[in-house]
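Trainee: mind folding the following:
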Amino acid sequence: EYYLETVLKNVLPPSVFAMQQRLGADAAGNELIVDAAIFVQGKIIPIDSKFSLENYNRLAGERDEQERARLERQFKQDLKNRIDETSKYIQPALGTMDFALMFIPSEAIFYDLIINQVGAVKVNTEELIQYAARKHVNIVSPNSFYAFLQVILHGLRQVEIEQNTELIRKRVGELGKHLKSYEDFYLRLGNSLRTTVNHYNAAGKELGKIDKDILRISGTEAGLSQLLIERPEGESE
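Mentor: Residues are numbered from 1 along each chain as shown. The predicted structure follows:
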């Protein structure tokens, strides 16, 4: 379990896995606590790491033929028991995937299983691999488990990118709405300013006319004047 946790910590962020994860109760009412669990899009990938290295080492080192035959049967049964124990954590009704991983903390044992023999006694393991497949249990070693985690990590990153992309699209949409509102208010302000400038300049012209009227009446200018404001570009007289 320590080795399993170490591999998980080296690859996945802490938020997407847990050790000794409680799954709930199965149909028979038994409480299920799996050695490790990976959380992927609301689903749980259960991982069981229980494996007897002692039995394997005894089998590989035994020289007596009769004892090796007994240990071979024991080893096969031990593996089947581990597969059965791992398969019980496959509980879709409790939120798990429809498969589980059985972690073997030894590349040597995993290699022996793959090449269809174990140690010097050449235990036939093909039926064990097939048995695990029927139980929807995937047997993984540290290296193959690491590769499996890399695939999961890539998938999690893709999901994060997709989620962020959707968030960016939402923010850009909001920005577009705000820019459109700004443009509307800006155009209204421009129109208001044009009207104000026109009124100001028209009032200035009338003030000039008043000055001329005073000149005609009194013979002197009152000196009334108003600085005209230049019209915005594109405006005509």
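Trainee: checking N55 next. Helix, strand or coil?
Mentor: Following DSSP: H, G, I helix; E, B strand; the rest coil, N55 is assigned to helix.
Trainee: mind checking pLDDT for it?
Mentor: For N55, the model assigns a pLDDT of 73.
Trainee: that one and K76 touch, don't they?
Mentor: No - applying Cβ atoms under 8 Å, one finds N55 not in contact with K76, separated by 10.2 Å. No exception for glycine: its C-beta is placed from N, CA and C like everyone else's.
Trainee: and these two? which has more neighbours close in?
Mentor: K76 (18 against 15; other Cβ atoms under 10 Å).
Trainee: the more buried one against L128, yeah?
Mentor: Yes - counting by Cβ under 8 Å, K76 does reach L128; the two are 6.6 Å apart.
Trainee: what about the helices in the protein?
Mentor: 2-11, 53-61, 65-87, 107-114, 126-134, 142-218 (DSSP state H).
Trainee: which of those helices sits closest to Q41?
Mentor: Proximity to Q41 (Cβ to Cβ) singles out helix 142-218 among those, at 6.5 Å.
Trainee: what average pLDDT does that closest one get?
Mentor: On average, helix 142-218 scores 73.
Trainee: go on, stretch 86-106?
Mentor: Here the average pLDDT along stretch 86-106 is 88.
Trainee: ends of it, how far apart?
Mentor: The stretch stretch 86-106 measures 17 Å between its terminal residues, going by Cα to Cα, to the nearest Å.
Trainee: and stretch 103-111, by the same measure?
Mentor: 13 Å.
Trainee: so what touches that stretch?
Mentor: 3-4, 35-36, 47-49, 51, 53, 56, 113, 118, 139-145 (Cβ atoms under 8 Å, 6 or more residues apart in numbering).
Trainee: how about 6 Å then?
Mentor: Y3, L4, I47, S49, F51, Y56, V140, S141 (Cβ atoms under 6 Å, 6 or more residues apart in numbering).
Trainee: report the contact partners of the last one.
Mentor: For S141, the contact set (Cβ under 6 Å, 6+ apart) comprises I104, E107, F110.
Trainee: how about 10 Å then?
Mentor: Contact analysis of S141 by Cβ atoms under 10 Å, 6 or more residues apart in numbering lists F103, I104, P105, S106, E107, A108, I109, F110, Y111, L113, I114, A147.
Trainee: and for the last one, the neighbour number?
Mentor: By the measure other Cβ under 10 Å, the count of residues near A147 is 12.
Trainee: who's in contact with it?
Mentor: A147 makes contacts with V11, V140, S141, as judged by Cβ under 10 Å, 6+ apart.
Trainee: which among the residues you listed gets closest to G61?
Mentor: Using Cβ to Cβ, the contacts of A147 come closest to G61 at S141, 20.8 Å.
Trainee: so S15 makes contact with F39?
Mentor: Yes - counting by Cβ atoms under 10 Å, F39 is a contact partner of S15 at 7.9 Å.
Trainee: joint contacts of those two?
Mentor: Joint contacts of S15 and F39 (Cβ under 10 Å, 6+ apart) are L156.
Trainee: who's more crowded, the two?
Mentor: F39 (17 against 8).
Trainee: once you drop chain neighbours, what's closest to the more buried one?
Mentor: Nearest residue to F39, sequence neighbours excluded (Cβ to Cβ, 6 or more residues apart in numbering): V16, at 5.1 Å.
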